[in-house]
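# just need the structure, nothing else, for what follows:
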Amino acid sequence: MKAFLRILPWALLALFATDIVAVLLPKPDGSWHTREFGRLPVLLSGRVQPFDSVARNALLQIRGTGDLPLELVPSWQFWRHAKKLRSTEWLLEVMFKPEAADERPIFRIHHPELLSELNLQDQGIEKSGLRYYTFNQLRGAEAEIRKQGGRASQVEAQTRTPLQKQALQLANAVVLYERLKNSVQPENTTDFAAELVDFEKTLAPGLEAFRAREAGQPFDQAVFDRLIAAVSRFKAMADAAYPLIAPPLTPGAGSGDWSNAGLALLESVHTGQVHPAVKAYAAMAAAYRQDRAEEFNRAVTEYRSWLAGKYDREQGKGRAEYYFNQAKPFLHAMIIYLCAFLLAVGALLTRSLAPTFAESLRRSAFYLVILAGVVHTFGLVFRMVLEGRPPVTNLYSSAIFIGWGTMVFGVVLERVFRLGLGSAAAAFAGFITLIIAHNLAIGGDTMEMMRAVLDTNFWLATHVVVITLGYAANFVAGVLAIAYILLGLLTSLLRMKAGRQEVGVVLQSMVYAVLCFATLFSFVGTVLGGIWADQSWGRFWGWDPKENGALIIVLWNAAVLHARWAGLVKERGLMAMAVFGNIVTSFSWFGVNMLGIGLHAYGFMDAAFKWLVLFMLSQLVIIGLALLPTRLWFSFRAQACATTAAPAQ
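Modelled structure (predicted):
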């Protein structure tokens, strides 16, 4: 048994590490080179990205998931892996086989009143309380969807009702879906490659007929009409297409010279030559629609060859981001954090009953936290390289970085105190912050172009990073304080010896030490923000909501430390104040962004308001538990019983 307990931590580490290696290894293409297609670079939202990112972000906005499940699996059957249509494969269907894509249930509607107004109550499929509909099921309600969305868009975002928010989201999803359909070829095209061949043949005589008509001379009406019909179709494409798929013919030109397929074809009317990229995509479209895998693969390969030498940087960016999308490092780190947390909790709960077993669990949790931290760090650094920026640029990346910071603090604490508490705090905070990041990603592209006010790498690497580490430290202190309160109320662990000191005393030391770091980082980060504001806006302090939130964190941390130094609070009071720090920090991090005002309102997320309120209420409940009389605390009752039972000296 002892031998098993010795190898258990290493066995668990090897198991999870093997899984991570398998995930990170590149995957080969099948008979269809859809992965190679997914790596092709396009321009969208001001940045070069692969087609796969366009597909993933579109699916997230429309359906709320990065891939499309092809079968319904009950949530409780977590061991079953539902068959999925990968994002790139879904996008290929949308663009090249829209009649198949129109039968996929991707439109999410859950508001009963909206379902009633659209007369969709008895249609769609249900999964986890949500209903999903196909585009064909929405066809009869398109006019009403646009009408409802138009009305909702005229209402201020802060005052929209849940019905209006759902109506606007659905209208935007329908528009996005229709734009994707027309991104490479007109939606009702059966063989775009052949259509382009005919267009090229018509182009020269058509232009000649057009000039003759303008000069009042005889012209070929049939040729003229064919040219005008083609131009009309391309004009509709230019107005509707979503990503810019045609790079400039002159390498090194700016991003403003990329164009969508429709604009590139309209430009060919002036140049007399169809853009090579449009020709290549037309060949892919025709081959995919007609189920000719070899021709599709050849068209993809030929287009990559055309890009080679001229757009190597863009191709490299597409391949790297595609790999990042497929690896999903933050998802796998989240899973490992959860397992590590369960092991750390198990170690704490079994410490007095089976010390050897508990120590094996503690070491297992510690090793898994380190592994999750390595994966987390890999994802964080990979994103930084992809963006060419420091780690924090928006709310999504701040959640990723705060999770990383809590992991680092937790690992250091566990290395020093070796109780399992540091691992539990690191794993819990890492898991929760990555869950928050996952939900923030549902809004679409998380690597969008920076707002001008943030577009300064030096200050992003100093002010934003330092103050975000302050957020992380505050949350670590809050999580440790929650552990103190729950362990004290429900167990006798606080009074158990951990070396020369009791667990409760060790926890108090941990919370105090982390709060000192939090105060330092929060103060320095706030001062650096003032210097940045002075350089950007000409004033050090402007009482902006975000600035006020940062100041409140500093003042609250100072109040907690002074209360402890002056003896105004003891152990339980310190823990209650540390938990309230979670409320202060979450409000400064998220809450002020939800106000939608001020120079820092770049991360407005009204959808998270409900969860923020629930989080704050949960912290107030925990503070209430901390204030319960000591006779209700199991740890203190156990100590009192032990004192009473002790024989008189």
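
# chain center to stretch 458-471, what's the gap?
The chain centroid and the centroid of stretch 458-471 are separated by 20 Å under Cα atoms, centre = their mean, to the nearest Å.

# pLDDT averaged over that stretch - what is it?
Computed over stretch 458-471, the mean pLDDT rounds to 83.

# burial of the closest residue to Phe324 other than its chain neighbours, as a residue count?
Excluding its sequence neighbours, the residue lying closest to Phe324 (Cβ to Cβ, 6 or more residues apart in numbering) is Phe382, at 5.4 Å. In this view, the C-beta of every residue, glycine as well, is placed from N, C-alpha and C. Other residues near Phe382 come to 16 when the count uses other Cβ atoms under 10 Å.

# okay, now the unreliable bits of the stretch 1-150 of the chain?
Applying pLDDT under 70 to the stretch 1-150 of the chain picks out residues 1, 72-81, 128-129.

# can you check the stretch 351-500 of the chain too?
For the stretch 351-500 of the chain (pLDDT under 70), the answer is 449-457, 460, 498-499.

# tell me where it has strands.
Ranges of strands within the stretch 351-500 of the chain are 497-498, based on DSSP state E, counting those that start in this stretch.

# figure out the helix or strand that Val42 lives in.
Val42 belongs to strand 41-44 when assigned by DSSP states H and E.

# quick one: contacts of that strand?
If you take Cβ atoms under 8 Å, 6 or more residues apart in numbering as the criterion, strand 41-44 is touched by 48-51, 53-54, 242-245, 247, 255, 258, 307, 311, 314-315, 317-318, 445.

# buried among the residues you listed? Make that a ChimeraX selection.
This is the ChimeraX syntax for the buried subset of the contacts of strand 41-44, where burial follows 16 or more other Cβ atoms under 10 Å:
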select :48,49,50,51,53,54,242,243,244,245,247,258,307,311,314,315,317,318,445
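
# what about the contacts of strand 41-44, which are in helices?
51, 53-54, 307, 314-315, 317-318 (DSSP state H).

# dump those into a markdown table; add distance to Phe609 as well.
Shown next, in a markdown table, are those (distance: Cβ to Cβ, whole Å):
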| residue | distance to Phe609 |
| --- | --- |
| Phe51 | 34 |
| Ser53 | 28 |
| Val54 | 29 |
| Leu307 | 44 |
| Glu314 | 39 |
| Gln315 | 41 |
| Lys317 | 35 |
| Gly318 | 36 |
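
# for the protein, what's the longest helix?
The chain, longest helix under DSSP H: helix 503-537.

# which residues touch the following helix or strand past it?
With elements assigned by DSSP H and E, the helix or strand that comes after helix 503-537 is helix 545-565. In this structure, residues lying in contact with helix 545-565 by Cβ under 8 Å, 6+ apart are 467, 470-471, 474, 512, 515-516, 518-519, 522-523, 525-526, 529-530, 533, 541, 568-569, 573-574, 577-578, 580-581, 584-585, 587-589, 591-593, 595, 597-601.

# helix 545-565: which residues count as buried?
Those would be 545-547, 549-554, 556-557, 560-561, 564, for helix 545-565 by 16+ other Cβ under 10 Å.

# which pair of these spans the longest distance?
Farthest pair in the buried residues of helix 545-565 (Cβ to Cβ) is Pro545 and Arg564. Separation: 29.1 Å.

# if I pick the residue nearest to the spatial centre of the chain, what's in contact with it?
The C-alpha lying nearest the average C-alpha coordinate of the chain belongs to Ala441 (Cα atoms, centre = their mean; 2.8 Å). Contact analysis of Ala441 by Cβ under 8 Å, 6+ apart lists 60, 396.

# ok, it to Ala22 distance?
Going from Ala441 to Ala22 by Cβ to Cβ, to the nearest Å gives 24 Å.

# Ser492 now?
Counting by Cβ to Cβ - Ser492 and Ala22 are separated by 43 Å.

# also Leu469?
Taking Cβ to Cβ, one finds Leu469 at 33 Å from Ala22.

# between those two, which is the more surrounded one?
Between Leu469 and Ala22, counting by other Cβ under 10 Å, Leu469 is the more crowded of the two (25 against 9).

# so the more buried one sits right up against Trp404, yeah?
No - Leu469 lies out of contact with Trp404 (Cβ atoms under 8 Å); the separation is 9.4 Å.

# excluding chain neighbours, what is closest to Pro26?
Tyr323 (6.9 Å).

# phi, psi of the residue lying closest to Leu24 once chain neighbours are set aside?
Of all residues not flanking Leu24 in the chain, Ala327 sits nearest, at 5.5 Å (Cβ to Cβ, 6+ apart). Phi and psi for Ala327, reported as degrees, to the nearest 10, are phi -70, psi -40.

# residue contacts, Ala327?
23-24, 379.

# and it, how far is that from Lys147?
From Ala327 to Lys147 the distance is 42 Å (Cβ to Cβ).

# got it, and Ala533?
As defined by Cβ to Cβ, Ala533 lies at a distance of 44 Å from Lys147.

# more neighbours: the two, which one.
Comparing Ala533 with Lys147 by other Cβ under 10 Å, the one with more neighbours is Ala533, at 21 against 14.

# wait, isn't that one in contact with Gly542?
Yes - counting by Cβ under 8 Å, Ala533 does reach Gly542; the two are 6.9 Å apart.

# show me where the stretch 301-450 of the chain has helices.
312-327, 329-349, 355-387, 395-417, 421-440 (DSSP state H, counting those that start in this stretch).

# should've said the stretch 101-250 of the chain
Under DSSP H, counting those that start in this stretch, the stretch 101-250 of the chain gives helices at 112-117, 135-138, 142-153, 162-181, 192-214, 221-240.

# quick one: closest of those to Phe634.
helix 162-181 (42.2 Å).

# give me the contacts around the closest one.
Contacts for helix 162-181 (Cβ under 8 Å, 6+ apart): 58, 61-62, 91, 94-95, 98, 101, 106-111, 113-114, 135, 138, 142, 145-146, 148-153, 155, 160, 187, 240-242, 607.

# now stretch 340-351
12, 357-359, 361-362, 364-366, 368-369, 372, 419-421, 423-424, 426-428, 431, 487, 491, 493, 496.

# likewise stretch 407-427?
337-338, 340-341, 343-345, 347-348, 351, 358, 361-362, 365-366, 368-370, 372-373, 376, 406, 429-430, 472-473, 476, 479-480, 483, 498, 503, 506-507, 510, 513-514, 517.

# in contact with Tyr281, which residues?
By Cβ under 8 Å, 6+ apart, the contact set of Tyr281 is 184-185, 245, 261, 303.

# how about 6 Å then?
Val184 (Cβ atoms under 6 Å, 6 or more residues apart in numbering).

# go on, Thr462?
Taking Cβ under 6 Å, 6+ apart as the test, what Thr462 contacts is Leu528.

# roughly how far does it sit from Asn57?
In this view, Thr462 and Asn57 are 30 Å apart by Cβ to Cβ.

# what of Leu85?
Where Asn57 is concerned, Leu85 sits at a distance of 16 Å (Cβ to Cβ).

# before we move on, back to that, which one of the helices of the stretch 301-450 of the chain lies nearest to Arg213?
helix 312-327 (41.0 Å).

# now the closest one: average pLDDT?
93.
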